[in-house]
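1. Kindly generate the corresponding structure for this input.
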Amino acid sequence: MTPLWTARAIAAATGGTASADFTVQGVAFDSREVTKGDLFIAMKGEATDGHKFIDRAIAAGAAGIVCETAIDYPHIHVADSVAALDALGVASRARSHGRIIGVTGSAGKTGTKEALFAALDRYRPGRAHRSVKSYNNHVGVPLSLARMTSTADYGIFEMGMNHAGELAALTRMVRPHVAIVTTIAPAHMEFFGSEEAIADAKGEIFEGLEPGGTAILPFDSPHYARLRDKAERHAAHLVSFGLGEGADVRAVDWLPDGQGGSLVTAQVQDALLCFTLAQGGAHWVSNALAVLAAVKAVGGDLPAAGLAFAEMGGLAGRGARHRVPVAGGEILLIDESYNANPASMAATIGQLGNESANRKIAILGSMRELGSDSDAYHAALAAPLVAAGVQFALLVGPEMTPLAKALEGQIDFAHVAAHPDAQARLGTVIRPGDAVLVKGSNSVGLSYLVTALTNGEF
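-> As a prediction, the model looks like this:
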């Protein structure tokens, strides 16, 4: 097996000194994620120091260490491990012959990235690479780059930010041939103050485009013109996607398939493609259109992408669907517990309304980082809940107080302070035949409720 990195290549990339010859097949900076044959990068952070976990990494099978001190194990000695990780990511990008895609947006980044990987891996099995989990920040992006093999034909990288300027630095490291903005929504508002500022920050992804690169833009966004103006300064090609007439890649028709997904007919510039999308809702149709635009831009196969869409299961915390046995029957559990902003909340509540169920139950956690308009954004969720025919809402977190007030006299609800209180209520809330949506900002901890439900601990 061709190694991912040799000690000599790591030393050359990082400017470090190798203590011995060794090869590695993976890269990690969390000792809990180390597997046999990995390179462990021991980094000093605000909360802890990775050098304390070198022995643990070796015990887990690490073949080499990048560190700032001399040790008895095979290692590369560097002056700064964080800078070494950046340098290794840059070196990985420099040696790559593949077509690189960058993905950002206020919502849908991870789902779009995973769908892109599924589409391109189906076309070239084993030759596509993507960032795992939500490794999309200043350490996650270089780590994901460093993990890309030199033989990969495609690389897909998610990039996130919560302050202006962060995405510009990441995209210049990734140097994408194709850059996608999925959507613009009021996320991280406390750091930006307006959606226009968020659009400007997301538009930074175009600054890193390679010469001849393609920008893929959300045609239905009210900030489309603003994004397009930014993209025109950096991209050779602009492709719009959306549900509306006039987009370069658009949904000619789509409808629920009766199994939680959608049947879609899409116009992809000069091609027409009909496919089944395992995920439901207009937001997932939009994500799929962005994927098709990117697949075409990098020379992938559209029919293979269509087949991949049908096979894609939901991601944990981002739409995974579980049939959970309960006394007297079962429930449908929809896990959207990883993230939430006003746009994604409204979209998933709307999709809950399309489910066939005895009752529709929404367990909603606070939306964080919304700034001074947080109360208004939370209260505004009352309308989609009523429109979706939700019979009961369990609201979790102090930020949900305005929504509780807005729901009075409209639907049944309960409001609790935190996820342990919500878990204590599950046994009185859930009934056989229910469709249960769990969604909130990750910091609220609703993933614990998902675990409790799937394990029958309620």
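2. Y73 belongs to a strand?
-> No: read with DSSP: H, G, I helix; E, B strand; the rest coil, Y73 is coil and lies in no strand.
3. That one against I58, yeah?
-> Yes: contact criterion Cβ atoms under 8 Å: Y73 and I58 qualify, at 5.5 Å. All C-beta spots, glycine's among them, are computed from the backbone N, C-alpha and C.
4. Common neighbours of these two, please.
-> By the contact definition Cβ atoms under 8 Å, 6 or more residues apart in numbering, Y73 and I58 are jointly contacted by I65.
5. what number of residues lie near D121?
-> By the other Cβ atoms under 10 Å criterion, the neighbourhood of D121 contains 19 residues.
6. residues contacting it?
-> Residues touching D121, when contacts are defined by Cβ under 8 Å, 6+ apart, comprise R127, A128, A308.
7. which one of those residues is nearest Y135?
-> Looking at the contacts of D121 and their distance to Y135, the nearest is A128, at 16.3 Å (Cβ to Cβ).
8. count of residues packed around T451?
-> Neighbouring residues of T451 were enumerated by other Cβ under 10 Å; the total is 13.
9. can you tell me how far the residue lying farthest from the centre of the chain sits from R228?
-> Among the C-alpha atoms of the chain, the one farthest from their average position, using Cα atoms, centre = their mean, is that of D72, at 38.6 Å. Relative to R228, D72 is positioned 57 Å away (criterion: Cβ to Cβ, to the nearest Å).
10. now the residue nearest to V78 when sequence neighbours are not counted: how far from R32?
-> Closest residue to V78 apart from its sequence neighbours, by Cβ to Cβ, 6 or more residues apart in numbering: G16 at 3.9 Å. Plainly put, G16 is 24 Å away from R32 if you go by Cβ to Cβ.
11. Compare the two (neighbour count), which wins?
-> Using other Cβ under 10 Å as the criterion, G16 and R32 rank with G16 on top: 23 against 9.
12. give me every residue that touches the more buried one.
-> The contact partners of G16, taken as Cβ under 8 Å, 6+ apart, are I10, V66, I76, H77, V78, A79, A84.
13. Show the buried residues in those.
-> Of the members of the contacts of G16, the ones counted as buried by neighbours, 16 or more other Cβ atoms under 10 Å, are I10, V66, I76, H77, V78, A84.
14. Those residues in strands, which ones?
-> In this view, the buried ones among the contacts of G16 that belong to strands under DSSP state E are V66, I76, H77.
15. Check whether the first one really touches H75, as I assumed.
-> Yes: under the criterion of Cβ under 8 Å, V66 makes contact with H75 at 6.9 Å.
16. roughly how far apart are the residue nearest the centre of the chain and Y135?
-> Taking Cα atoms, centre = their mean as the criterion, T110 is the residue nearest the geometric centre of the chain, at 2.0 Å. Spatial separation of T110 from Y135 under the definition Cβ to Cβ is 10 Å.
17. same deal with S344?
-> Here the criterion is Cβ to Cβ. By it, S344 lies 20 Å from Y135.
18. More neighbours: which of these two?
-> With neighbours defined as other Cβ under 10 Å, S344 and Y135 compare such that S344 has more, 22 against 18.
19. measure A376 to V390 for me?
-> Remark: distance between A376 and V390 (Cβ to Cβ) = 20 Å.
20. Revised request: answer the last question for V34.
-> V34 sits 44 Å away from V390 when distances are taken as Cβ to Cβ.
21. again with G111
-> Summarising the geometry, the distance separating G111 from V390, computed by Cβ to Cβ, is 23 Å.
22. same thing with L292?
-> Distance of L292 to V390, given as Cβ to Cβ: 32 Å.
23. Also G258?
-> G258 sits at a distance of 20 Å from V390 (criterion: Cβ to Cβ).
24. again, but for L116
-> In terms of Cβ to Cβ, L116 sits 32 Å off from V390.
25. more crowded one of those two?
-> A count of neighbours by other Cβ under 10 Å puts L116 above the other of L116 and V390, at 30 against 24.
26. Correct me if wrong: that one contacts I101.
-> Yes: under the criterion of Cβ under 8 Å, L116 lies in contact with I101, with a separation of 6.2 Å.
27. Overlap of the contact sets of the two?
-> For the pair L116 and I101, residues contacting each of them under the criterion Cβ under 8 Å, 6+ apart are I156, A294.
28. which non-adjacent residue is nearest F458?
-> F458 sits nearest to L426 (Cβ to Cβ, 6+ apart), 3.6 Å away.
29. what about the helices in the stretch 1-150 of the chain?
-> In order along the chain, the stretch 1-150 of the chain carries the following helices (DSSP state H, counting those that start in this stretch): 7-14, 54-59, 81-95, 109-123, 140-146.
30. Dump those into JSON lines; add mean pLDDT as well.
-> Output for the helices of the stretch 1-150 of the chain, formatted as JSON lines (pLDDT from 0 to 100):
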{"stretch": "helix 7-14", "mean pLDDT": "98"}
{"stretch": "helix 54-59", "mean pLDDT": "97"}
{"stretch": "helix 81-95", "mean pLDDT": "98"}
{"stretch": "helix 109-123", "mean pLDDT": "96"}
{"stretch": "helix 140-146", "mean pLDDT": "97"}
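31. closest one to S441 among those helices?
-> Ranked by Cβ to Cβ, the member of the helices of the stretch 1-150 of the chain that lies closest to S441 is helix 109-123, at 14.6 Å.
32. distance between the closest one and the chain's centre?
-> The chain centroid and the centroid of helix 109-123 are separated by 11 Å under Cα atoms, centre = their mean, to the nearest Å.
33. Next, the buried residues of the helix or strand hosting H283.
-> Following DSSP states H and E, one finds H283 within helix 282-297. Buried positions in helix 282-297, judged by neighbour count with 16+ other Cβ under 10 Å: 283-297.
34. average pLDDT for it?
-> Average pLDDT, helix 282-297: 96.
35. can I see the domain layout of the protein?
-> Residue ranges for the structural domains of the chain, counted by automatic domain parsing, are given in the record as 5-80, 96-311, 320-454.
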